[in-house]
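# Turn this into a model:
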Amino acid sequence: MIDLHIPILAAAVVEAGSAPQINLHSVDYLILGVYILVVIGIGFVLKKHVKSASDFLTSGRSIPVWVTGLAFLSANLGAQEVIGMAASGAKYGIMTAHFYWVGAIPAMIFLAIFMMPFYYGSRARSVPEYLKLRFDEKTRGLNAVSFAVMTVASSGASLHALAALLHLLLKWDYNVSLIVSSVVVLAYVLKGGLSSAIYTEVLQFFLIVLGFAPLVIIGLNDLGGWSGLKESLMTNNGDQFVHSWKYMGTTANPMGVEWFGMVFGLGFVLSFGYWCTDFLVVQRAMAAKTMGDARRTPIIGAIPKMLFPVIVILPGMIALGLAAKAGANYSIPLGVNGTTDYNLVIPSLIAHYLPTGMLGLALTALMASFMSGMAGNVTAFNTVWTYDIYQSYIGKGKSDAHYMWMAKFATVAGIIISIGFAYVAKNVDNIMDFLQLVFGFVNAPVFATFLLGMFWKRTTGHGAFYGLLAGTICAMIFHGISSPQILEAGQTIPWVKGAWISSHYQFTSSMAQNFWLAIVAWTFCFFITIGISMITKRTKTDGELVGLVYSLTEKIKEENEPMWKRPAVVGTVVLIVAVILNIIFR
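Numbers count the residues shown, from 1 in each chain. Got it, this is the predicted structure:
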């Protein structure tokens with residue numbers, strides 16, 4: 001899944017040096033088995049509702065809003081969220097909450113209020129198709145191909161991480177774990193299509209909450225509550241791990257990011273680029289029954305999203321506090337190179353705290369998170385492949401039955417390609433770090449394109465296409481000159497010594513480098529798109545852009561809606577709560 005979170009060191013977890021040992025009992029296997037049967041059963045139950053390619057790929061816009069809202073959130077609850085954010089909590093402390101209160105909530109509200117009317121109202125079946133309607137075919141093609149590659153690569157990384165973790169913790173055969181996990185996802189997606197993936201994501205949401213909430217409750221109780229956790233964290237680290245904003249005036253903080261890089265790089269470019277333009281999550285909102293439901297979907301997802309740091313970040317902080325507590329008999333596991341492997345925080349806490357039964361529930365939740373990420377990517381891939389690549393360039397004018405066949409073929413192919421990428425990930429260090437960079441290359445410039453396309457009618461197809469290319473290329477160049485190594489304070493980059501970037505700005509963490517890469521990609525795309533649009537002719541009239549551009553589209557009237565159903569009203573309340581959370585934990 002395309003995400004903004006701390007990358008999982010996928011190759012390293014397979015051979016970690018001090019992995020926790022977990023022994024499952026019959027009741028644990030029973031819980032795991034029931035989960036697998038239920039998700040496959042969901043696919044078979046929903047099969048009878050799939051009568052056309054539209055039903056299979058877009059759910060025929062028939063899903064209730066509470067389901068799309070939870071699925072919108074759950075589609076993001078993949079490996080990066082559950083494993084990566086716990087790792088971040090241990091590595092960066094409460095600063096990790098910025099990925100939620102700064103890097104998610106504002107963008108989700110913006111999507112609901114401003115962007116969903118265009119996606120849903122245009123009747124576009126995908127994000128790339130919206131680009132075709134707004135700009136031209138070449139812009140759609142560029143986004144469709146890059147997105148299709150990213151989805152299967154991300155799906156493969158999640159699949160590898162799951163198989164590697166099962167091998168590491170339970171000693172299950174890696175290849176068997178890989179195939180079984182793929183077959184389970186294939187079984188329910190192939191039968192029920194997008195609807196099956198969405199309903200299983202809702203189930204996975206509740207499983208993740210039920211599976212990991214006990215870790216937080218037991219861990220906090222063990223440490224003496226929030227005050228006891230803060231005291232333990234301050235034993236070895238001062239108070240940097242319990243403040244989210246206090247130390248962001250400079251890069252001298254655990255995350256190595258100053259406030260501008262955080263607010264503009266994460267809070268604007270990466271966050272809006274992901275939540276507002278990534279088809280993986282937007283697809284869930286587009287499956288809602290009505291325009292109002294589509295707009296409410298991101299807001300429904302934003303409400304639990306604000307509270308999710310308690311489930312996914314706090315375990316990492318608990319692990320760090322527990323390791324510092326005298327007599328706790330706990331330490332965060334080490335990797336093969338002898339350094340702390342933060343990616344094993346969740347498994348180590350599961351092994352440390354949970355008894356039989358709860359252990360099975362937690363491991364099932366862990367498996368659900370990986371499968372959720374994989375299924376979400378596969379359903380996004382089969383839609384983009386069928387509608388934006390195959391129907392547009394290869395098989396034009398075919399019957400609906402033919403496109404249904406192609407959609408199912410794409411589902412199988414997506415799973416097989418994902419397995420291939422999983423084996424690639426097995427042999428490449430930091431594969432998720434690599435994918436994170438690719439997401440920065442693609443999502444950041446795409447958001448600049450969408451922003452200009454939706455709010456400036458003068459933007460042309462040539463401007464959008466070449467702006468996207470330029471933003472991605474400039475990001476690659478920036479990465480090449482700024483990331484030969486992660487810099488420590490006072491160091492310079494050896495082979496560009498004396499260059500502006502090494503003498504004026506030094507990255508002290510990969511996270512800081514990622515934020516600034518996104519800023520560069522967005523900025524170059526934004527201004528180059530404007531420049532080229534000014535010197536090229538518009539190919540679409542104002543009439544053709546109605547429903548696609550903000551200034552040319554009639555505003556949605558909400559006078560007859562109760563206040564609690566109006567996206568702008570509820571979204572504002574959610575945003576205020578997010579601000580309050582930032583103030584409380586500043």
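# Could you point out which residue ranges in this structure have low pLDDT?
1-19, 78-80, 326-327, 335-338, 427-438, 482-510, 559 (pLDDT under 70).
# Can you check which helix is longest in it?
Determined from DSSP state H, the single longest helix within the chain is helix 174-223.
# Can you tell me which helices and strands the helix or strand just after that one packs against?
Counting by DSSP states H and E, the next helix or strand C-terminal to helix 174-223 is helix 225-237. Counting contacts by 3 or more Cβ pairs under 8 Å, 6 or more residues apart in numbering; DSSP states H and E, helix 225-237 packs against helix 174-223, helix 314-324. C-beta here means a position set from N, CA and C on the backbone, and glycine is covered the same way.
# Need those in a markdown table (columns: distance to I481).
Shown next, in a markdown table, are the helices and strands packed on helix 225-237 (distance: least, Cβ to Cβ, whole Å):
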| stretch | distance to I481 |
| --- | --- |
| helix 174-223 | 37 |
| helix 314-324 | 32 |
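# burial count for H49?
Neighbour count of H49, defined by other Cβ atoms under 10 Å: 15.
# Am I right that it is in contact with G193?
No - in this structure H49 lies outside contact range of G193 using Cβ atoms under 8 Å: 9.0 Å.
# who touches both of these two?
Residues touching both H49 and G193 (Cβ atoms under 8 Å, 6 or more residues apart in numbering) are D55.
# The stretch 451-586 of the chain: helices as residue ranges?
Using DSSP state H, counting those that start in this stretch, the helices of the stretch 451-586 of the chain run over residues 461-482, 500-504, 510-535, 567-584.
# ok, back up a step: comparing the helices and strands packed on helix 225-237, which comes out most buried?
helix 314-324 (a mean of 25; mean count of other Cβ atoms under 10 Å).
# quick one: that one to helix 225-237, angle?
Inter-element angle recorded for helix 314-324 and helix 225-237: 60 degrees (by axes from the mean of the first three to the mean of the last three Cα atoms, to 10 degrees).
# Show me what helix 314-324 is packed up against.
Helix 314-324 packs on helix 85-92, helix 174-223, helix 225-237, helix 345-353, going by 3+ Cβ pairs under 8 Å, 6+ apart.
# can you tell which of the ones you listed is closest to E561?
helix 174-223 (24.4 Å; Cβ to Cβ).
# so what's the backbone phi/psi at T340?
phi -60, psi 130 (degrees, to the nearest 10).
# Tell me who's in contact with the spatially closest residue to it that is not a sequence neighbour.
Spatial nearest neighbour of T340, chain neighbours left out: I332 (5.2 Å); criterion: Cβ to Cβ, 6 or more residues apart in numbering. Residues near I332 by Cβ under 8 Å, 6+ apart: A90, A319, L320, A323, T340, D341, Y342, L344, V345, S348.
# Which of the residues you listed sits closest to A444?
Y342 (25.7 Å).
# isn't that closest one right up against Y92?
No - in this structure, Y342 is not within contact of Y92 by Cβ under 8 Å, at 9.5 Å.
# Among the two, which residue is more densely surrounded?
Y92 (28 against 25).
# Surely K398 touches T386?
No - assessed by Cβ under 8 Å, K398 is found out of contact with T386, at 10.4 Å.
# Comparing those two, which shows the higher neighbour count?
T386 (26 against 14).
# Skip the chain neighbours and tell me the closest residue to that one.
A407 (4.7 Å).
# measure the one you found to D400 for me?
10 Å (Cβ to Cβ, to the nearest Å).
# quick one: common contacting residues for these two?
A53.
# Counting neighbours, go ahead and name the busier of those two.
A407 (26 against 12).
# Cross-check the contact I'm expecting between W66 and I300.
Yes - applying Cβ under 8 Å, one finds W66 in contact with I300, separated by 6.6 Å.
# between those two, which one's more packed in?
A count of neighbours by other Cβ under 10 Å puts I300 above the other of W66 and I300, at 24 against 13.
# SS state for that one?
helix (DSSP: H, G, I helix; E, B strand; the rest coil).
# which residues does it contact?
With Cβ under 8 Å, 6+ apart, I300 has these contacts: V65, W66, T68, G69, L70, F72.
# What of L266?
L4, H98, F99, V102, G103, V257, F515, A518.
# From F447, how far off is the second one?
So that's H98. 18 Å.
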